Structure formats: structure tokens, C-alpha cells
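Student: Structure for the following, please:
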Amino acid sequence: MSRGLAAWVWCCDAGFSESSPDSAPRFTSLAGGKIHRPPYELDYNEKKILILHEPNNLDALVASGYFDAIIYGHTHDVDIQRGRTIVINPGECGGWLRGRRTVALWDVEFGEVEIVPV
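Tutor: Numbering: from 1, shown residues only. Below is the predicted model of the structure:
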């Protein structure tokens with residue numbers, strides 16, 4: 001993956017809350033000043049992307065063909081589905097539930113996805 005690579009640090013709202021208010025400014029600075037609660041839609045490099053935490057209605061969202069990519073979490077299991085809509089679950093970067101620390105790298109231009117141990 002040498003070109004067109006985009007990376008996001010994605011923090012779901014469970015990472016900070018009223019019970020841990022000091023963590024929000026730290027995540028905000030890491031995310032370039034913006035934190036969006038899921039679901040979050042964005043257009044990037046002419047791709048329509050949906051970022052979710054929970055994969056509710058995932059099959060229907062994929063079948064709609066509205067999004068080029070759907071990125072989700074919650075299960076902590078790596079999931080890559082290729083088709084008209086690419087589906088990516090990077091697993092978990094903390095490794096606390098599955099014992100495997102991973103992130104996903106998606107080459108937006110060529111559609112390649114790589115799961116990388118961290």
C-alpha cells in the first residue's frame with residue numbers, strides 16, 4: 001500500500017464520558033480537534049464512508065449500496081468484507097478481549113485493506 005492511504009484514529013464515545021471527563025481533551029487533540037459520535041458519515045477522496053460503533057443494520061446498510069465503505073467496531077473481531085461496499089472492522093488495538101492488537105490500513109484509492117498487528 002504505497003499510495004492513497006488514509007488513516008483515522010477512531011475513538012468511540014465509550015472512551016470518554018461524564019465519568020472520565022479528563023480524557024476528552026486528550027482525544028480531541030489527537031483527532032485534530034474534532035470528535036464525532038457514531039454514526040458519522042463523511043466524504044473522503046470521492047468515497048462515501050460511514051463510521052459506526054455497533055454494527056446494527058450492517059447487512060441492510062451494505063445492501064443499500066449507498067456507502068463505498070463502512071467502518072465499525074464493537075465486536076473486537078477483525079472483519080473485512082469486499083464488494084460494492086467494503087466493510088472494515090479493525091479488531092481491537094488494545095488487545096484486552098481477544099488478545100490480539102490490530103489496526104486496519106485501507107488504501108482508499110486501490111481498495112486494499114491490511115490488518116496490521118500493533
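Student: For the rest of this, base every contact and every neighbour count on C-alpha atoms.
Tutor: OK.
Student: ok, the residue nearest to the spatial centre of the chain - contacts?
Tutor: Against the mean C-alpha coordinate of the chain, by Cα atoms, centre = their mean, the closest residue is residue 71 at 4.1 Å. Under the criterion of Cα atoms under 8 Å, 6 or more residues apart in numbering, the neighbours of residue 71 are 49-52, 87-89.
Student: So what does it look like in phi/psi?
Tutor: In this entry, residue 71 is assigned phi and psi values of phi -110, psi 130 (degrees, to the nearest 10).
Student: I'd guess residue 61 is in a strand, am I close?
Tutor: No - the assignment for residue 61 is helix, going by DSSP: H, G, I helix; E, B strand; the rest coil, so no strand is present there.
Student: And it, how far from residue 52?
Tutor: Using Cα to Cα, to the nearest Å, we find residue 61 at a distance of 11 Å from residue 52.
Student: Buried residues in the helix or strand containing residue 48, which are they?
Tutor: Element membership of residue 48, judged by DSSP states H and E, is strand 47-51. By neighbour count with 16 or more other Cα atoms under 10 Å, strand 47-51 contains the buried residues 49-51.
Student: Looks like residue 72 contacts residue 55 (just checking).
Tutor: Yes - the pair residue 72 and residue 55 qualifies as a contact (Cα atoms under 8 Å) at a distance of 6.2 Å.
Student: More neighbours: those two, which one.
Tutor: Counted by other Cα atoms under 10 Å, residue 72 and residue 55 do not tie: residue 72 has more neighbours, with 26 against 16.
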